[in-house]
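K.L.:
Sharing a model prediction with you, sequence too.
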Amino acid sequence: MTDARRLLVAAAVLLLTATGCTSLQGTGDKGYVSGDGAIRQIDVADRGDAVGLTGQDLDGRPLSLASMRGKPTVVTVWGSWCADCHRESPAVVAAAKELGSTAHFVGIDSRDPGTAQAKAFQTRYGITWPSFYSPGGEALLSFPGVITPNSVPSTVVLDAAGRPAAAINGSVPSTRTLVQMVRQVAQGG
């Protein structure tokens, strides 16, 4: 683990400790925290730096958010073990089809212990975009202040420069909602 990654992990632990979220206590038997589906728009002036997430996809090939700049990128956080992820996947796939070349789509497979279940999940729902493989959920640390390390499912829309422009902490409420979010970001909003 690099020094930078150690610092990120330490900062996340400190943040979780400071907010009282030192465990998944209160999550029932889910082992994750479902959001309420609230949509958050981030003003252009408040977007900060581009997200520099790099890693490997489910086949072990290199994957980078930087390679997707130039148009909005929809980042979906999911796990094959997550019931809410199964429920939202048809809406996300429909949004990707409707948006066509307007936006890139990429996933973050969080906390699956292996890639076989993750690949089966993608096949089941017709997901054609790549996903970062993040068995420990570390990839979510690339979105501080936007989503939490336990935000499964969640969706972040990056602007053309790779900066977080909108987020849903929880399931995507509908295809239309996601399409409208992406179109707004594509128009400079």
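P.N.:
Structure received. Numbering: from 1, shown residues only.
K.L.:
List the residues that contact residue 105.
P.N.:
73, 74, 76, 92, 96, 129 (C-beta atoms under 8 Å, 6 or more residues apart in numbering). Where C-beta positions appear, they are placed from N, C-alpha and C, glycine not excepted.
K.L.:
what about it, helix or strand, and which?
P.N.:
strand 104-110 (DSSP states H and E).
K.L.:
How about residue 40?
P.N.:
Under the assignment here (DSSP H and E), residue 40 is part of strand 38-41.
K.L.:
Going by neighbour count, which residues in the helix or strand just after that strand are buried?
P.N.:
Under the assignment DSSP H and E, the closest C-terminal helix or strand after strand 38-41 is strand 54-56. Under the neighbour-count criterion of 16 or more other C-beta atoms under 10 Å, strand 54-56 has residue 55 buried.
K.L.:
list the helices and strands strand 54-56 packs on?
P.N.:
strand 62-64, strand 131-134 (3 or more C-beta pairs under 8 Å, 6 or more residues apart in numbering; DSSP states H and E).
K.L.:
pLDDT on the shortest one, on average?
P.N.:
The pLDDT scores in strand 62-64 average 98.
K.L.:
Buried residues in the strand holding residue 105, which are they?
P.N.:
Buried residues in strand 104-110 (16+ other C-beta under 10 Å): 104, 105, 106, 107, 108, 109, 110.
K.L.:
right, and the helix or strand after it?
P.N.:
Next along from strand 104-110, by DSSP H and E: helix 115-125.
K.L.:
and the angle for that following helix with strand 104-110?
P.N.:
140 degrees (axes from the mean of the first three to the mean of the last three C-alpha atoms, to 10 degrees).
K.L.:
burial measure for residue 162, as a count.
P.N.:
21 (other C-beta atoms under 10 Å).
K.L.:
So for it, what's the nearest residue that isn't a sequence neighbour?
P.N.:
Sequence neighbours aside, residue 50 is the residue nearest to residue 162 in space, at 3.3 Å (criterion: C-beta to C-beta, 6 or more residues apart in numbering).
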